[in-house]
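[1] Sequence below, structure please.
(one chain, ligands or ions: 1)
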Amino acid sequence: MPMLAPRAEEADARSRPPQASAAAADPTSDGGAPAPDGDGHDGSHAALLTVATELLDCPCALLWLVEDDGLRLVATRGLALTPVFDHSRLHALVSADQPVAVVPDTRTHPVLAGDPVVTGAGLHHVAAAALLAPDGTLLGVIGVGDACRRDESADTMSSRLRSLAALATRTLPGTLMARCRQVAEAGFSAIVVVDGRGSTIFANGAARELLGAAASPGQPVEHLVPLSLQLDPDAVSDWLHAPASPGNDVPSARELRIRDALGELRVVEAVRCSWHDGIALVLRDITDHGGARREPPSGRRDPLTGLPNREALFASIGALRGRGARLGVALLGLDNFRAINEALGHVIGDTVLQVVACRLMAWLPTDAQLVRFGGDEFAILFETADTADALEPRLQALLRDLARPCEVEHQRVHVEACIGLAFDESEAVAAYEDSGSSGLLALAALALRHAKRAGTLQLRRFTPAMREEAVDRRHLDLELRRAFRDGEFELHYQPQIDLASGVVSGAEALLRWRHPERGLLMPVAFIDALARSAIAPAVGNWILQQACRDAAGWPVLHGRRLKVGVNLFPAQFNDDALVEKVDAALRASGLPADQLEIELTETIALRDDGVAEKTLLQLRSRGIRVSYDDFGTGHASLSMLHRLPVDRVKIDRSFVRDLVASRGDKAIVRSITLIAKNFDMEVIAEGVESRDQVVLLREFGCHEVQGFLYSMALAPRLFERWLSDHVPQAASAPAAARSPADASLDAADPAEAAATAAMAAAEPCHG
Ligand SMILES: Nc1nc2c(ncn2[C@@H]2O[C@H](COP(=O)(O)OP(=O)(O)OP(=O)(O)O)[C@@H](O)[C@H]2O)c(=O)[nH]1
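    Sure thing, here's the model as predicted:
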């Protein structure tokens, strides 16, 4: 029983409370006892205690409810002071086994007799009833007390108490919850109740089915509603955590993104109502509502995002085309998504894809269909090609919106994308007229590739020129494969001259394609396509072997062996066996390692996975030299010097061409030679065509040169003839006389010589 604050008077207390106060005189008041909780039930509790005092004709009444940590006094009536409460005495008085207790005289009661507060407060008569749920669970206790001795029989009091308890039980939150549980379990909507601390305390069957483990009791509400998936995470957080206000609550609704029990992304409409000190959420799955989000047949849904998949898109295109619709497709590809997976893991990568799906859904016009096309690509199908021009600015805005950083698992993630756009326009369709529903997508994919090539956040619309280029590229790739198989590639060598001694020091091996119809082709016509082709590693290996073989046969000049420079394709650096292949080429040819120089391009130097660095170190440890091509033209030149083991840099021809006239180029070349000197590297300049350039390069400290001033790149036999003709005078008298046209005079095959000269005159030699 409660230990009450001492009461002042006992006489005349029959209809007035102990320590009667103004508040106690008001039958609607709780008698001045402070509201023990803020649970918003004060009104119903007060009404209940008023009924208790009336029904039992007692001036004092008290209500305890069971909470997490046991019984808690939640309301009093007729007491001036807050009672100090002793649980053990209350439990001893009433329980599930003994639901009603009437104590006509507290002074002789075994539990209460010794209680100094009860007796001190002068409570002569006390009665209490347990409030029990239908399953017998104790929900609370209601009690009354009086300072006077009572005339009613204990049976009468017990009977009234039982009626009171039955009435009280029906009004309690626990009972309400049990009843609501029955109703909720019977319904189709998912219902989740979250307490004031943001933890789930109840989820009905539909919610458990929809949300799986995220709806288990004790889970934070953020597991049900991941903020990272929401379009406006702050607003959703505020909405979920706004204080409950039962009684004045106006249920509010909003669209939320959740992950279902299988991890798929779903869109739900959620209605929020206050519940006790927390909230109840009623959820309705609207993922598939509306024309834009029609439920795709099974097997046509992407499990991660819940969106229709590629097959569904093809089916939609087929169906719409059947109705004569003119269509448009925007293919959206994330930029550098691989890096997100690699840096943050696939789980975060998956969430990022879901976030993107959510943002796209929010943007989607009602007459469009959103599809996860595959990997990090999404497709949007429009039924209205007529509005093509109006779509572009809206898609540009979409790209900017997608680029808003998002927070995933406490990681800030930036998601940028590009879009390729294609419409059923006459010339575009003509380009792919036989390719069915995938044709339009192929055009969009081509446009996407062009957008990606242009950089990040780019949008490109398909043009027929893109297709022509793609077709040309494919033909070129087939041609390159055939050319390699038929042995049409050959290496030419451009001499390199040591400026200090004036002696030829080596040559750079340069690839040529002797095309059966188009004659000798310079690399500019095919080298990019070859570098991208699957045959690049095989061609690169052939170049390596051939160059080593040729160089092994070159004469020793002035006691020095000539070195040969070989350019590697970036793809060769993906080959774990590259070093072994270099060893094999040296072994097979007999060329000493220090006569081989590997030339790097920026694409190789830019790799920051450590592979290039490790490979180069292994090559250098064998005595093979490493040179960095086109120095100064790329973004990575300086950082590369710092990172990669390089013996020398090659000054790009673009800085040499106007060296004599241009102060800027002079400054650049001077700087490069200075930087190289500070890194203990040698410098070679390419594209040297005049003596004046040589004078300046020598003055700046450049070590070697190559260019038309000495010779163009020559076929192996011509190069060997050049060596025998120009050594030892080659260096001392740089062949001012040796113009590209002169070289043709040396050619055994007059047609080849003419072609070579013409090519060389038209464009510089490329690697
Ligand atoms: N987390 C996750 N990653 C995926 C999924 N499907 C594909 N990927 C990854 O998406 C990445 C796509 O890589 P790429 O095609 O090189 O695309 P990218 O890195 O965006 O490069 P660019 O398109 O050139 O900008 C790869 O790392 C795939 O493993 C998926 O369902 N979940």
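[2] name the helices or strands packed onto the particular helix or strand that has Gly333 in it?
    Using DSSP states H and E, the element containing Gly333 is strand 328-334. In terms of contacts (3 or more Cβ pairs under 8 Å, 6 or more residues apart in numbering; DSSP states H and E), strand 328-334 is packed against strand 377-382, helix 388-402, strand 417-423, helix 436-454. Just so you know, the C-beta spots here come from the backbone N, C-alpha and C atoms, and that holds for glycine as well.
[3] Look up how far Ala357 lies from the nearest residue to Leu229 once chain neighbours are set aside.
    Excluding the flanking residues, the one nearest Leu229 by Cβ to Cβ, 6 or more residues apart in numbering is Arg257, at 3.9 Å. Noted for Arg257: a distance of 9 Å to Ala357, by Cβ to Cβ, to the nearest Å.
[4] Give the residues shared as contacts by these two.
    Residues touching both Arg257 and Ala357 by Cβ atoms under 8 Å, 6 or more residues apart in numbering: Leu265.
[5] Tell me which of the two has more neighbours.
    Counting neighbours by other Cβ atoms under 10 Å for Arg257 and for Ala357 shows that Arg257 has the greater number, 25 against 22.
[6] how far off strand 417-423 does the very next helix or strand once past the strand holding Gly333 point, in degrees?
    Sequence-wise, the next helix or strand downstream of strand 328-334 (DSSP H and E) is helix 337-344. Per axes from the mean of the first three to the mean of the last three Cα atoms, to 10 degrees, the angle that helix 337-344 makes with strand 417-423 is 150 degrees.
[7] which ones are touching Glu264?
    Listed by Cβ under 8 Å, 6+ apart, the contact set of Glu264 reads 301, 303-306.
[8] which of those count as buried?
    Buried members of the contacts of Glu264, counted by 16 or more other Cβ atoms under 10 Å: 301, 304-306.
[9] Near the ligand, list only the ones from these.
    Among these, the ones lying near the ligand by Cβ under 6 Å from any ligand atom are Leu304.
[10] of the buried ones among the contacts of Glu264, closest to Ser159?
    Gly306 (59.8 Å; Cβ to Cβ).
[11] That closest one contacts Asp285, correct?
    No. Between Gly306 and Asp285 there is no contact under Cβ atoms under 8 Å: 9.8 Å.
[12] Mutual contacts of those two, please.
    Common neighbours of Gly306 and Asp285, counting by Cβ under 8 Å, 6+ apart, are Arg266.
[13] ok, back up a step: farthest-apart pair in the buried ones among the contacts of Glu264, please.
    The largest distance within the buried ones among the contacts of Glu264, taken as Cβ to Cβ, falls between Arg301 and Leu304 and amounts to 9.9 Å.
[14] Give the helix, strand or coil label for the nearest residue to Val94 once chain neighbours are set aside.
    Closest residue in space to Val94, ignoring its immediate chain neighbours: Ala130 at 4.4 Å, by Cβ to Cβ, 6+ apart. Three-state assignment for Ala130 (DSSP: H, G, I helix; E, B strand; the rest coil): strand.
[15] Send me the one helix or strand Arg467 maps to as PDB with only the CA atoms.
    Per DSSP H and E: Arg467 is located in helix 464-485. This file holds the C-alpha atoms of helix 464-485, laid out as PDB (Å, rounded to 0.1, in the frame of the first residue of the first chain):
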ATOM      1  CA  PRO A 464      23.800   9.700 -86.800                       C
ATOM      2  CA  ALA A 465      27.400  10.800 -86.800                       C
ATOM      3  CA  MET A 466      27.900   8.900 -83.500                       C
ATOM      4  CA  ARG A 467      26.700   5.800 -85.200                       C
ATOM      5  CA  GLU A 468      28.900   6.200 -88.200                       C
ATOM      6  CA  GLU A 469      31.800   6.600 -85.900                       C
ATOM      7  CA  ALA A 470      30.900   3.500 -84.000                       C
ATOM      8  CA  VAL A 471      30.500   1.500 -87.200                       C
ATOM      9  CA  ASP A 472      33.900   2.800 -88.400                       C
ATOM     10  CA  ARG A 473      35.400   1.900 -85.100                       C
ATOM     11  CA  ARG A 474      34.100  -1.600 -85.300                       C
ATOM     12  CA  HIS A 475      35.300  -2.000 -88.800                       C
ATOM     13  CA  LEU A 476      38.700  -0.700 -87.800                       C
ATOM     14  CA  ASP A 477      38.900  -3.100 -85.000                       C
ATOM     15  CA  LEU A 478      38.100  -6.000 -87.300                       C
ATOM     16  CA  GLU A 479      40.700  -4.700 -89.800                       C
ATOM     17  CA  LEU A 480      43.300  -4.400 -87.100                       C
ATOM     18  CA  ARG A 481      42.800  -8.000 -86.000                       C
ATOM     19  CA  ARG A 482      43.100  -9.100 -89.600                       C
ATOM     20  CA  ALA A 483      46.200  -6.900 -90.100                       C
ATOM     21  CA  PHE A 484      47.900  -8.400 -87.100                       C
ATOM     22  CA  ARG A 485      47.000 -11.900 -88.200                       C
END
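[16] Let's test this: mean pLDDT of it, rounded?
    Helix 464-485 shows a mean pLDDT of 92.
[17] Residues of the stretch 451-600 of the chain that sit close to the ligand?
    Residues of the stretch 451-600 of the chain lying near the ligand (Cβ under 6 Å from any ligand atom): Lys452.
[18] Strands of the stretch 451-600 of the chain, residue ranges please.
    Under the criterion DSSP state E, counting those that start in this stretch, the stretch 451-600 of the chain contains strands at 459-461, 489-498, 504-515, 519-521, 563-567, 596-600.
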